[in-house]
Structure formats: structure tokens, C-alpha cells
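> Need a 3D model of the following:
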Amino acid sequence: MLWYTLLIAAVAVERLAELVVAKRNARWTLARGGVESGREHYPVMVLLHTGLLAGCLLEPLLADRPFVPALGWPMLALVVASQALRWWCISSLGPYWNTRVIVVPGAAPVRRGPYRHPKLLRHPNYVAVAVEGAALPLVHSAWTTALVFTAANAALLTVRIRCEDTALRRLVPA
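Got it, this is the predicted structure:
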């Protein structure tokens, strides 16, 4: 369980690094006239992602979930792959990436990295979030956490993607 706790701690540190990048990028976009949308759902997103990390730690302890190598190792590979995709998204979007929905009016859409083919995969960062949210708990058989997060995240992403797409349509040329 120690190595799994260290994994969850590493993901938590990664989330903090994302927040540092997001705060810097928010200053950059807002200085260029960025418009924020979706403030209402942001606290829910923070709570959900915090709950994911807490559930990953608590469920294996409280429900005595074992590490099952046949499940755990492939799930760990998916966690690593989702982190790689997430940071590819962050680096591809550059200062436009954020944990909040902030759009600079008139900015050209990003068409590099995983955003190169938007008709094929419009929101690759959310693919990374969904994969990680299911895989991270399953590394240590926390299937209840995986199911609850996946269902709640699907509902949240429905709202989030609609908000983001509306803001982009309204403020960014096609």
C-alpha cells in the first residue's frame, strides 16, 4: 500500500503543478481580454477531483482492497499514458490551457499536438481525465471509487464541454 500511497501523492503534486500553470495562464489570458465562463461548475470539479484522490487512498484501506497484479499493472500503464496525454495537451495549448474556461476573444484555435484534428478528437484533455479517473483507483482495486468518479465525471464533463464549446464558438473564429 505504501507504493500506491506514493503514487497518489505524486498525482496530487502533479495536480498542484497544474494549478500553478493554470494560475499563470489565467493571468496571461485575462491580460489579453480573456473571458471566463463556467465559474458555477468549477468548485464541483475541484471537489470531484479531490474526492477521487481521497477515495483512491481510503477505499483500499477501509474495504481491504488487494493489489491484483493482472489489473493493477495495466491500470498503472493507463495512468502513466493519461498523464503523458494531459501534459501533451497542456504544452500544446501553451498559455491558453487552464483548469478554468477562459477564452481570449478572436484568438486563433490551437491546431497542434493532440488538437491537430479537432473533428477526430475535440477534447483530448478530457480523454486523459476520464482514463485516469477510472484507472487510478483500479491500480489498487478501488472499483467503487472508479465507478463513482466515472459517473460523476461524465455528468460534469457534459456541463463542462457544453460550456467550453459555447465559449469557443462565441469568442474564437472557426
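> In three-state terms, label the nearest residue to Leu157 once chain neighbours are set aside for me.
In space, Leu157 comes closest to Tyr126 once its chain neighbours are excluded; the distance is 5.6 Å by C-beta to C-beta, 6 or more residues apart in numbering. Heads up, the C-betas are built off the backbone N, CA and C, glycines and all. Under the three-state scheme (DSSP: H, G, I helix; E, B strand; the rest coil), Tyr126 adopts helix.
> and Tyr126, what does it touch?
Leu157, Arg160, Ile161 (C-beta atoms under 8 Å, 6 or more residues apart in numbering).
> Which of those has the largest number of neighbours?
Arg160 (20 neighbours; other C-beta atoms under 10 Å).
> show me the contacts for the nearest residue to Thr99 once chain neighbours are set aside.
In space, and not counting its chain neighbours, Thr99 is closest to Ala22: 4.3 Å by C-beta to C-beta, 6+ apart. Contacts for Ala22 (C-beta under 8 Å, 6+ apart) come out as Trp97, Asn98, Thr99, Arg100.
> from the chain's centre, how far out does the helix or strand encompassing Ala22 sit?
According to DSSP states H and E, Ala22 maps onto helix 2-31. Centroid displacement of helix 2-31 relative to its chain, using C-alpha atoms, centre = their mean, to the nearest Å, is 10 Å.
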